[in-house]
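>>> sequence? don't have it. structure:
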């Protein structure tokens, strides 16, 4: 079974694995939506995305990123 919009944490993990050096809070929602839809396991409907869903994914991705960048000065 593939990923859907309710799988926020797993989507965040997969985005972090795909883009480990990219700071998630700098990503535009248009790019975020495209990258989510490009994930191999994602089966959600892009037309049902909204700002709240994208923000939730972005924050899950940020939590993964932050855990590996704790020593960075500009979190």
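In hand now; what should we look at? The structure displayed is predicted, hence computed values, not measured ones.

>>> how far does the lengthiest helix in the chain sit from the chain's center?
Counting by DSSP state H, the longest helix found in the chain is helix 51-68. Distance of helix 51-68 from its chain centroid, counting by Cα atoms, centre = their mean, to the nearest Å, is 5 Å.

>>> Which elements pack onto it?
helix 8-18, helix 29-38 (3 or more Cβ pairs under 8 Å, 6 or more residues apart in numbering; DSSP states H and E). In this view, the C-beta of every residue, glycine as well, is placed from N, C-alpha and C.

>>> try 6 Å
helix 8-18 (3 or more Cβ pairs under 6 Å, 6 or more residues apart in numbering; DSSP states H and E).

>>> what's in contact with the helix it packs on?
Residues from elsewhere that reach helix 8-18, judged by Cβ atoms under 6 Å, 6 or more residues apart in numbering: 3, 36, 39, 56, 57, 60, 61, 64, 65.
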